[in-house]
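[1] Attaching a predicted model along with its sequence, questions to come.
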Amino acid sequence: MSAERDDIAHSGAFSTRPAQFETEEAEAEECRGHAEAGFRELAAHGPVTGERVLAALEAAGLEPDDPRLSGSWEGFGDRAGEALDEDAFCDILPAHEASLVRRALTGRLASEDFGAFRRRIANLFYYSAEETSGRIADYIPELAKADPEAYAMGACTIDGQRFELGLREADAGRAFCVQSAMKPVNYAVAQELLGATMVHRHVGREPSGQSFNEITLDEHRRPHNPMINAGAIITTALIKPGASVDARFDFIRRVWRSASAGDACGFDQATYESELGHADRNFALAYFMREHGCFPDEADLHEALDLYFRCCAIETDVRRLAAVAATFANGGVCPVTERQVFQRETVKNTLSLMLSCGMYDFSGEYAFTVGLPAKSGVSGALMIVVPGVAGFALYSPRLGPKGNPQRGVEFSRRLVEAFPWHVYAPIVVDPGLG
């Protein structure tokens, strides 16, 4: 292990743990104990004021718009310059926010030293920006209009610690279409509605070893997996097939909003129309699958394709996409809202297929070198899940020969070199250390 990586492994900078789930409300006495512990930690380093409390929360990666801390931001903000004793601190701090505030003030969140985490991730981001190879996807004319220099990254831990970076000022908030990054979400939605057994009667779970839009089926006459076009068309067809396309799309967008910490996702009408007008391959796939009986009986081929194209044109940014990745990292619970979006079994299945099939026919190489569940899209989107730790999102339109964003892949490689997050990293760490 390099000295740099050794520092990370033993610095206590991260607390990897099982996903956090909704819990029953704590007793009043317990909440008071959390508040007192938080106050004592802050008081050990100087007078406690409302301003210091809020600065400490922000330094821990918790933002002023965090819905879990709305009472704290308002209460301590109203008394920003006032010195507070323990009783005043406990009176201001809402009981249901006390546990999170204590963990933030005592360094017990997923990223224990958020400032150091942010700086290290920023270094990886700017180093990966030096990768300038690749070309923009042009088989969908609207995608060809993307800015090749755009580069952005968002991060969200399983405790809702968040930040975004952009290579240029406008990049961090730049909107983009998710394209194939929608496939894990639609697969998860289909499982939630029907269960994994029913879903996999219609779609397999093996890597295809071929291009994402190859006209082929497995030995059971199913698309190979939900992360390629054929499989994603089928999982989309399984989502509420008896409802109208508009109603189904509204439902899927509500799921995206829940997983995105309550931030609504947009819709790029121009990309939708552009893709619809250049969709011969996907239509060929759909007719081929209908010929072989892949669709459920109640599904309409044209409606399924229309819904699929709409889902590809969902518009987001790295902040919201990182929250989606963190929802998967957190066992289906959105870290920022603490709402359960997906069941644990759904998440396990989805991450398994993201790891084995999420990066087109580069998936085996990515699993070998990076070893994290991920899903890319030809728009330049990339969603990376570090189970039990965090979610990352990147946007860079320059694609490599397999259709993945070159800078995103480079960032991924550097990420697992800097942090012991490869799925098999724990078994290669020297057990005598730490």
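    Everything's here; your move.

[2] Can you list the low-confidence ranges for the stretch 201-350 of the chain?
    208-215, 218 (pLDDT under 70).

[3] can you give me the helices for it?
    Ranges of helices within the stretch 201-350 of the chain are 229-237, 245-259, 269-276, 280-291, 301-312, 318-329, 344-357, based on DSSP state H, counting those that start in this stretch.

[4] Now do the longest one against helix 318-329: the angle between them, please.
    Going back to what we said before, that points to helix 245-259. 80 degrees (axes from the mean of the first three to the mean of the last three C-alpha atoms, to 10 degrees).

[5] Quick check: which helices or strands does helix 245-259 pack against?
    When contacts are defined as 3 or more C-beta pairs under 8 Å, 6 or more residues apart in numbering; DSSP states H and E, helix 245-259 sits against helix 183-194, helix 301-312, strand 314-316, helix 318-329. In this view, the C-beta of every residue, glycine as well, is placed from N, C-alpha and C.

[6] how about a cut-off of 10 Å?
    Judged by 3 or more C-beta pairs under 10 Å, 6 or more residues apart in numbering; DSSP states H and E, helix 245-259 is in contact with helix 183-194, helix 229-237, strand 266-267, helix 301-312, strand 314-316, helix 318-329.

[7] who wins for proximity to residue 203 among these?
    Nearest of the helices and strands packed on helix 245-259 to residue 203, taken as C-beta to C-beta: helix 229-237 at 4.5 Å.

[8] Just want the angle from that closest one to helix 280-291.
    70 degrees.

[9] now helix 229-237, how far from the chain's geometric center?
    Put simply, helix 229-237 sits 21 Å off its chain's centre (C-alpha atoms, centre = their mean, to the nearest Å).

[10] Can I get it in PDB, CA atoms only?
    Presented in PDB, the C-alpha positions along helix 229-237 are these (Å, rounded to 0.1, in the frame of the first residue of the first chain):
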ATOM      1  CA  ASN A 229     -31.100  -1.000 -24.600                       C
ATOM      2  CA  ALA A 230     -33.100  -4.200 -25.200                       C
ATOM      3  CA  GLY A 231     -33.400  -5.000 -21.500                       C
ATOM      4  CA  ALA A 232     -34.200  -1.400 -20.600                       C
ATOM      5  CA  ILE A 233     -37.000  -1.300 -23.100                       C
ATOM      6  CA  ILE A 234     -38.500  -4.400 -21.500                       C
ATOM      7  CA  THR A 235     -38.200  -3.200 -17.900                       C
ATOM      8  CA  THR A 236     -39.800   0.100 -19.000                       C
ATOM      9  CA  ALA A 237     -42.600  -1.800 -20.700                       C
END
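
[11] That helix vs helix 344-357, what angle?
    160 degrees.

[12] Check which helices and strands helix 229-237 sits against.
    helix 183-194, helix 196-199, helix 245-259, helix 280-291, helix 301-312.

[13] As CSV, the ones you listed with mean neighbour count and distance to residue 133 would be great.
    Formatted as CSV, the entries for the helices and strands packed on helix 229-237 read as follows, by neighbours: other C-beta atoms under 10 Å; distance: least, C-beta to C-beta, whole Å:
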stretch, mean neighbour count, distance to residue 133
helix 183-194, 24, 25
helix 196-199, 16, 37
helix 245-259, 17, 31
helix 280-291, 16, 25
helix 301-312, 21, 25
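
[14] right, and the ones you listed - which one's nearest residue 268?
    Short answer: helix 301-312, nearest of the helices and strands packed on helix 229-237 by C-beta to C-beta, at 9.2 Å.

[15] Can you tell me the centre-most residue of this structure?
    residue 325 (1.3 Å; C-alpha atoms, centre = their mean).

[16] Relative to residue 157, which of the helices and strands packed on helix 229-237 is closest?
    Nearest of these (C-beta to C-beta): helix 245-259, 15.3 Å.

[17] between that closest one and helix 183-194, how many degrees?
    Going by the same axes, to 10 degrees, helix 245-259 makes 110 degrees with helix 183-194.

[18] quick thing: my sequence starts at 822, can you match it?
    Happy to do that; since the first residue is 822 now, the last one works out to helix 1066-1080.

[19] measure residue 1212 to residue 966 for me?
    Between residue 1212 and residue 966 the distance is 28 Å, computed by C-beta to C-beta, to the nearest Å.

[20] Oh, that last question was meant for residue 1201, not what I typed.
    Taking C-beta to C-beta, one finds residue 1201 at 12 Å from residue 966.

[21] List the residues that are in contact with both of those two.
    957, 1218 (C-beta atoms under 10 Å, 6 or more residues apart in numbering).

[22] can you pull out the strands in the chain?
    973-978, 983-987, 997-998, 1087-1088, 1135-1137, 1195-1197, 1202-1207, 1211-1216 (DSSP state E).

[23] now for these, which one comes closest to residue 1075?
    strand 1135-1137 (11.8 Å).

[24] Turn the helices of the stretch 1022-1171 of the chain into JSON lines, including distance to residue 854.
    Formatted as JSON lines, these follow (distance: least, C-beta to C-beta, whole Å):
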{"stretch": "helix 1050-1058", "distance to residue 854": "47"}
{"stretch": "helix 1066-1080", "distance to residue 854": "32"}
{"stretch": "helix 1090-1097", "distance to residue 854": "52"}
{"stretch": "helix 1101-1112", "distance to residue 854": "57"}
{"stretch": "helix 1122-1133", "distance to residue 854": "46"}
{"stretch": "helix 1139-1150", "distance to residue 854": "28"}
{"stretch": "helix 1165-1178", "distance to residue 854": "30"}
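
[25] Good, wrapping up.
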